[in-house]
Structure formats: structure tokens, C-alpha cells
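1. Sharing a sequence plus its predicted fold:
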Amino acid sequence: MKIASIHGALLDFRRMELLAGGGTALHRLDPRAKLLVTLFFIGTVVSYGKYAVTGMIPLVIFPVVMASLGELPPGYIARKIALLSPFALVVGLFNPLFDRTVLIHLGPLGISGGWISFSSILIRSILTVGAATILVALTGFPAICRALEQLGTPRLLTVQLSFLHRYLFVLIEEGGRLSRGRELRAFGNRGLGIGSFAPLIGNLLLRTWGRAERIHAAMLARGFTGEFHLRRESRFGGRELLFTVGWSIAFVALRFWNLPQLLGRVVTGITS
Amino acid sequence: MHMADALLSPVVGGTIWAVSAGSIAYCSKKVHRELDDRKIPLMGVLAAFLFAAQTINFTIPGTGSSGHLGGGLLLTLLLGPHAAFLAIASVLVVQALFFADGGVLALGCNIFNMGFIPAFIVYPFIYRNLRGKKLNQGRLTTAIILSALVGLQLGSLGVVLETWFSGISALPFATFLLLMQPIHLAIGAVEGIVTVAVVGFVYQARPEILRIATEDLEPGRYPLRGIVVTFFVAALLVGGGLSLFASRNPDGLEWAIARVAGSSELKAPGGGIHGFLAALQGRTAVMPDYSFRRPAGLTAAGLKPGGDRKKEEVERLGTAAAGLAGTLLTLALVFGSGLILKRRYQPAELSS
């Protein structure tokens, strides 16, 4: 990752945290409910078959409703979604090359299975990335960690995640400064090789190690016994239950009835 | 290389999630019980260090391009397998949620490919054996470079297998393998050399850090059997359970085939690994309906002679048109409702 892109990612990260501080009803919902519904949504999306396209479209309702009720800026979310996994897209682009069987005829136009399954991959990417982005923008990282812990994730991992979250910004900025300093002192590509890279990273590593030791000493001084004590402020009540069950029923229904197909039959049946 | 949700089937994704979750649970217990709690902040801060290290690039001699440290192997060498596995898992969680690398379902696969493989396959079987008990820079170098090569080869093999078993991508197995493995050989070589350089620096500056890591290597403190058994039991249970569930209802592919070919089952190509797997499935019969289909079979089944074909053409055209019209209508409804929800919300916000 280039420095510019990782700094951009960092800014993005901060913006997500700011969005998570919003005060809508969705923000106030217990994070467990949002996490469970998002997981169920992603499970529903990937459960569709390889050539499913129309059947998946109604699922767009979940990110759209969540983003509008949560008052998330649509442009920002759309931009985040537009940075789809390049790996999935590159792999998906091979589908039209290898799968040339014509599956659908639209008048004289024959559409091959490869293009259909590629569009399916595209829609899957949009839906899964969108759902995860919206989850984070509505909940925030610390609350997701807390929800994970309440749902049975080992405490050690959630403690790790909290540490990572707390020191990520400090260390990325430190790395960025080191890197900028080195680039300013380099001449073209001279001086940017492994010869200067290893001591630089090694120094950063040793400094990080020292920092971890100081943090540990400070934590011991404050009575650390291996776990964090977090304030529990939300509970899984009736609203959360309604939210979870409601969306789950909606996903199951959309999964088993192909809404666009039904709707399309009604429309074309009436007009023809 | 991060696996993505869009390429995964629920059976593959769920199975590997179960393996990764089981390993996380096992490692947490292990680190909590056996290691000193000094490691807890160390793991978290070193995980953050990986992100910082990735902001710094180096030029690769002879190519003009630049690379950065992946760092999974470095973390495993410094923290030992259990603690490193947890640290790598936490890095991947942050990448999945904030940097949109991979996805929530693919996180299981990514933790397996980039955490489980280096920590529990490469570290004990390659690194530990090659390195020996006494610190020696020559053997250390060989061990690290080979570990990096093998780790990245296995990791990319994992990506290929997960993609192929999921069946969403149409890439043939061999082609995909030929695309992925050579790239990762080069990445592995670079990663190995850089890790050697960084470890060499640490070794000269503060050798005791590496000594602490070696203490974990003492035999008897490292019951690998536990994790291997957990791995297989979890994989069997979840894989079997999910496949049974998945085979109950005809999925979208079968639905598509039923539309196109008039029958819901296709003859899978007989030869090669497909034939072998089909035979294996027929014998085990745990997953009776979950066969590995290839749309190539459609050419044989999809063409029907004579008048039948014309009728089907009309039928298909109708289906496609209905699908298209319905899709547009649905999208309009969805985004319309989104706009209405937003409009309704804003006045309430203003008046309060």
C-alpha cells in the first residue's frame, strides 16, 4: 500500500468513526442486533446460486433503508462501495472468457453464462461490501468489539482488537513520518532499497516493542489483570428483537420468492 | 491476497470460518493460560505495527517496482504461533471492516490463509525444524526464506481451492493455479528477504527479543495435536451440516438450469477431478445433491431440436424480459422508499 492510500484509508477510518457517533434510532440500537442482521444478510447474499442476478436485486433494500434511516451520506457510502475488492473483480472478469454458453436471449442479443455470473459477482460485492461498511458506520469499532465479546468471541481477541484500534493511528502516523523522511533524503530510487528499509523497520519495531512495555507497566500500575472492564450501556431489548426478526424474515422471504420476476410477470402480463 | 465474499459459497465460507473460529478460541485459551500477560499489549501494538510497516515501501532491485512488508511471518517469529495467530486475526478483522479488504464471510478464509497457515503449518513444520535449537544466523536465514516461500505458496493455494470449491468463478482450476502460484513465488521471495533483513537487525540490536521467542519452541510446550483435531472435527461438522442444509432446496443454479434445460439435473463432465469427486461423493453420500457442475454441460443439454426450440426461445425471451422489467421496477421501488424514509426523517430532526 502506498503512503497516500494508507493515509487516505486512515482519514476514511476517522470519518467512519465520526459517522458512528450519530444519534439516530439505528445508532442507538444494541450493536449485537446490527451485527447479527448484517451477518444474516451476507449469508443470504452468498447463498444465491452462481447465475442469480434478478433474485438478488431486492436485497438492495437493506443497505438503502439502513443508510437512509441512519442518515449516512449516500455519496460517501457509494464511494466506499465503489472501491470493490479488486481481486473479486479480476477473478470475476475471467467468467465471460471461460463460460460462453448463451443462457438468456433478449431479442437478438444472446447473453452468455459468463456475463451473467460476472454480474452476479458484481452484485454480491456491492451488497456484501455495502452491508459491512454500513454496519461500521452505524456502530463504530469499539461497539462492534463489545458486541463480538457479548456474542461469545474470546475476550483475548476483543482485547487485541481494542489495542489495535487504539494504537493504529499513532503507529501509522509514525510510519508515515519515517517514510516521508527517507523519501526526502533519497535521490530518485537510490536509498530506497532494502538496505535502508530493514534498519528503518527494525528501529520502528524496537520502538514499538519499548512502547508496548511501557504500556504494560502503565496498565499494571492501574490494576490490569488481563482483561478490560467496559461499561455496558445497551441491552438487547424488544426493539432489537423486532429489528433482528423483522429483517431476518424479510431476507428469507426475498430469498425464496424472486420478487423482480413476479413483478415483471405482472407488468408484462398487463401490458402485452 | 485477500479472498472476497463475492467469490465464496456459504458451505466453503462457513466451513473455513468454523476452523478459524475454533483456532481463535483455542489460541485465546492457550495464551491466556500459559503465557504471561505482558504479551497482551505486545500483541496488540505489534498488530498495529504491521499497518505502520506497510506505509513504508522499498524498491525491489532490478524491477523498478516497489513492495512492502506483509509481516505475518515476522510476527510469528517474534510472538510464537498462538499469540501471532491472534494478532494476525485482529489485523484481518480491521482490514475487512475498515479497509474493505475481503469481507465478513471471507474473513474466515483470510484468517486461515494468512494466519493459520504461517502459524500452525509453516512455523512448526518448516521454520522450527530448519532453525534448530541454537541461534545461528545462517540457518535462521534459510529457515525464514523457505518459510516465507512455502507460506505464501500454501496461502495462495488456499485462495485457489476456496474459490474453486465455491464454484462462483468459472476459472478452471489449473489456469487459476498457474496464474496465482508464480506471482506468489515472487512475493514470497521478497517477503523472505525483507524478513531476514529485519530479523537480522533485531538480532544485532536486541538479541534477547529473539531468545524469548525461541523459548516457546521447547518440546512439550507445544501440543499441535489439539489444534489439528479441533480443525478436522470443526470442518467435518460444519461442512457436513451446511451441505445437508444446502442440498434440501434447489439453488439458483439449479433453478437457472431448470429454466434453460427443462430438467433440474445436469450430467457433470465425467473425466478428471470432477469425475473423481463425483464418484467420491456417490460413495460417501453425505452431500447427495451438491455436485460440482460446470456450465459447459449446458451446451449439450440446452440445444433441443425442432419446434421445441422455438417454443423455448419464446419462453426464455418472456422470462428474460420479465426479469429485466421486474428488476428495474424493484430498484425504483427500493430507492424510492429510501428517499421517502430520508425525507420523513429530516423534518423530525429539524423540529426537535
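-> Perfect, I can see it now. Numbering: from 1, shown residues only, chains lettered A, B, ... in the order given.

2. Could you say which helix or strand holds the residue of the stretch 151-272 of chain A found nearest chain B?
-> With C-beta to the nearest C-beta as the measure, residue A:163 is the residue of the stretch 151-272 of chain A nearest to chain B, at 2.3 Å. For every residue, glycine as well, the C-beta is placed using N, CA and C. Assigned by DSSP states H and E, residue A:163 belongs to helix A:155-185.

3. Which is the succeeding secondary structure element to that helix?
-> Following helix A:155-185 in sequence, per DSSP H and E, is helix A:194-221.

4. Which strands and helices lie in contact with that following helix?
-> Applying 3 or more C-beta pairs under 8 Å, 6 or more residues apart in numbering or on different chains; DSSP states H and E, we find helix A:194-221 packed against helix A:155-185, helix B:39-53, strand B:58-59, helix B:173-205.

5. sorry, back to before: which parts of the helix holding residue A:163 are buried?
-> A:156-168, A:171-172, A:174-176, A:178-179, A:182 (16 or more other C-beta atoms under 10 Å in any protein chain shown).

6. hey, where'd the helices end up in chain A?
-> Assignment of helices within chain A using DSSP state H yields the ranges A:3-20, A:25-28, A:31-46, A:61-69, A:74-82, A:86-93, A:95-98, A:113-139, A:141-150, A:155-185, A:194-221, A:238-256, A:259-271.

7. Buried residues, the fourth one. List them.
-> Residues of helix A:61-69 classed as buried: A:61, A:62, A:63, A:64, A:65, A:66, A:67, A:68, A:69 (neighbour count, 16+ other C-beta under 10 Å).

8. can you check the last one too?
-> Residues A:259, A:260, A:261, A:263, A:264, A:265, A:267, A:268 are the ones in helix A:259-271 that count as buried (16+ other C-beta under 10 Å).

9. tell me the angle of that helix relative to helix A:61-69?
-> Orientation check (axes from the mean of the first three to the mean of the last three C-alpha atoms, to 10 degrees): helix A:259-271 against helix A:61-69 gives 100 degrees.

10. for helix A:259-271, packing partners?
-> With 3+ C-beta pairs under 8 Å, 6+ apart as the test, helix A:259-271 has helix B:307-351 packed against it.

11. Domain parsing of the chain, as residue ranges.
-> Answering for chain A, as no chain was given. A:1-153+A:233-240+A:250-263, A:155-223 (automatic domain parsing).

12. Let me rephrase: I mean chain B.
-> According to automatic domain parsing, the domains of chain B span B:5-243, B:257-301, B:306-351.

13. weakest of those by average pLDDT?
-> If those are sorted by mean pLDDT, domain B:257-301 sits at the bottom with a mean of 41.

14. ok, back up a step: the domains of chain A into TSV, with extra columns for distance to residue B:111?
-> Shown next, in TSV, are those (distance: least, C-beta to C-beta, whole Å):
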stretch	distance to residue B:111
domain A:1-153+A:233-240+A:250-263	13
domain A:155-223	11
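
15. right, so the ones you listed: which one is the most enclosed?
-> domain A:1-153+A:233-240+A:250-263 (a mean of 19; mean count of other C-beta atoms under 10 Å in any protein chain shown).

16. For that one, give the mean pLDDT please.
-> 83.

17. what distance separates that domain from the centre of its chain?
-> How far domain A:1-153+A:233-240+A:250-263 lies from its chain's middle: 8 Å, per C-alpha atoms, centre = their mean, to the nearest Å.

18. Centre-most residue in chain A?
-> residue A:132 (3.5 Å; C-alpha atoms, centre = their mean).

19. how much space between that one and residue A:31?
-> 14 Å (C-beta to C-beta, to the nearest Å).

20. Residue B:194 too?
-> 38 Å.

21. what's the answer for residue B:133, then?
-> Residue B:133 is 47 Å from residue A:31, by C-beta to C-beta.

22. go on, residue A:124?
-> Taking C-beta to C-beta, one finds residue A:124 at 25 Å from residue A:31.

23. now swap in residue B:200 and tell me
-> From residue B:200 to residue A:31 the distance is 44 Å (C-beta to C-beta).
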